[in-house]
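Q: Any chance you can model this:
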Amino acid sequence: MTGETSLKFTPYQYLLVAIITLVFLTIVLDFMLMSALSAILLPKLEITTKQFGLLVSAYPISAGISAILLSGYADKFDRKKLLLFFYSGFLLGILFCTNAPSFQALVVARVITGIFGGIVGPVCFAIITDSFETTQRGRAMGILQMASAGSQILGLPLALYLASELDWRLAFGLILFLGINAVFLIFWKIMPVDKCLQIQEKVNPFHHSLKIISNRSYLLVFLNNTLLVSGDIIMMTFSTAFCTNNLGVDLEDLPLLYGIAGIATFIFAPIIGRLTDKHGTLNIFLAGTTMTIIMVAVFTNLGINPLWAVIVVHTLLLLGNNARSISSSALGTVVPEIEDRGAFMAVDAAMQLAIGGVAAMIAGLIVFQSEEGMINNFPTLGIVVISLMILTSGVMYAINRMVKRRNITLK
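A: So this is what the prediction gives:
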């Protein structure tokens, strides 16, 4: 659909994207929280760093396996019902986290959270894709990115305050509180999302999954997204340690560092979404990539600097990444057929979760910490990230050409 009217959101679309953004905020906050709690959980649970690594990896591993196994069923049900079921399971896992009496119990709770949480994101993206026209999706994805900003501005600082001043379990309690409100909104306000059922053929779920992972067009999008995630995670895995040990940022200033970046994302993500719909996904992606490459080169070669200088570079780096993520998501959602969207999103999420773990390990192999605490080889890490960004730009160009050949409406 084209035309000016297709760019305007209906009141229901505004409500829908607001509810999905709230759901996403809890998912993002849960993901960010585990790493942020390391300084608190290590002494509280009396565990080693190796055990903490197992604790952190419990979610993505279980989420990736769950997403792959259930991908064939993702288009067999009304997406609203699917979201209610898996999001409720995610919140059940969070409830177990708030009551975990030991390290072992918390690992089990994180596995349960991952099994259900791994499906929530793909279903959310499928709902957005089904409910918004092609020319609206960049804007919708931009609003969805505000969930990450909301986590950085309010969610994470508040959760960390509760964890440090009262009890770490209350940090998960905050997620549970927000999630329960989201469940009620999903149940009462979201209409059935069953467009996929209206054209769904009787296909064996296993065969459906095989169809998804053997489709060359889909594989190209999967490659693009895994490269995108790889670069981001390799860059960000040790960025906090790099800031505190190499750039002179105090630990108490980290909330400010991420909070300002979150505010900037909150302000600019919708603007980036509008620009994506107006000027084209590839153009915005390339602009965001150019900006990010420059910021990565600057950031990874910085030394001791005033806090304001680090904040500026760090914020511009995250904004560039947001532009790449928003435009990439808007283009990628155009590729799958309606009857494949749920399964496509599930497989895509599974691959990103899997590659995320590998990327973090690669970052650990590239950099090392000296006896003085300095993070070494960060410039080399920057070169790897920039190379991945350049490679991703080529893949995005190929996807854009493929989309145009299929005569899909894109500006």
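Q: ranges for the helices of the stretch 101-250 of the chain?
A: 103-131, 137-144, 146-150, 156-165, 169-189, 195-198, 205-214, 216-236, 239-245 (DSSP state H, counting those that start in this stretch).
Q: Could you check the angle the fifth one makes with helix 103-131?
A: Angle of helix 169-189 versus helix 103-131, following axes from the mean of the first three to the mean of the last three Cα atoms, to 10 degrees, is 30 degrees.
Q: Any buried residues in helix 169-189, and which?
A: For helix 169-189, a neighbour-count test (16 or more other Cβ atoms under 10 Å) marks 169-176, 178-179, 182-183, 185-186 as buried. C-betas here are computed from N, CA, C, even on glycine.
Q: same for that helix, what does it pack against?
A: Judged by 3 or more Cβ pairs under 8 Å, 6 or more residues apart in numbering; DSSP states H and E, the packing partners of helix 169-189 are helix 11-36, helix 79-98, helix 156-165.
Q: Would you confirm that residue 374 contacts residue 246?
A: Yes - Residue 374 is in contact with residue 246 according to Cβ atoms under 8 Å; the separation is 5.8 Å.
Q: Between these two, point out the one with more neighbours.
A: residue 246 (19 against 13; other Cβ atoms under 10 Å).
Q: Just the pLDDT for the more buried one.
A: Here the pLDDT value assigned to residue 246 is 85.
Q: for residue 389, same thing?
A: 91.
Q: and stretch 263-279, what's its mean pLDDT?
A: Mean predicted lDDT for stretch 263-279 stands at 78.
Q: and it, how far from the chain's centre?
A: For stretch 263-279, the separation from the chain centroid amounts to 17 Å (computed by Cα atoms, centre = their mean, to the nearest Å).
Q: Just give the nearest non-adjacent residue to residue 248, would you?
A: For residue 248, ignoring the flanking residues on the chain, the nearest one in space by Cβ to Cβ, 6 or more residues apart in numbering is residue 304 at 4.3 Å.
Q: tell me the secondary structure for that neighbour?
A: Using DSSP: H, G, I helix; E, B strand; the rest coil, the structure places residue 304 in coil.
Q: Could you report the pLDDT at it?
A: So, for residue 304, pLDDT stands at 87.
Q: measure it to residue 256 for me?
A: 18 Å (Cβ to Cβ, to the nearest Å).
Q: Of those two, which one has the most company?
A: Higher neighbour count among residue 304 and residue 256: residue 256, with 14 against 9, using other Cβ under 10 Å.
Q: which one among the buried residues of helix 169-189 gets closest to residue 356?
A: residue 175 (19.9 Å; Cβ to Cβ).
Q: Not counting residues beside it along the chain, what's closest to residue 230?
A: Of all residues not flanking residue 230 in the chain, residue 359 sits nearest, at 4.4 Å (Cβ to Cβ, 6+ apart).
Q: Just the pLDDT for residue 294.
A: 93.
Q: List the buried residues for the helix or strand hosting it?
A: Element membership for residue 294, per DSSP states H and E: helix 281-299. For helix 281-299, burial by neighbour count (16+ other Cβ under 10 Å) applies to 281-282, 284-289, 291-293, 295-296, 299.
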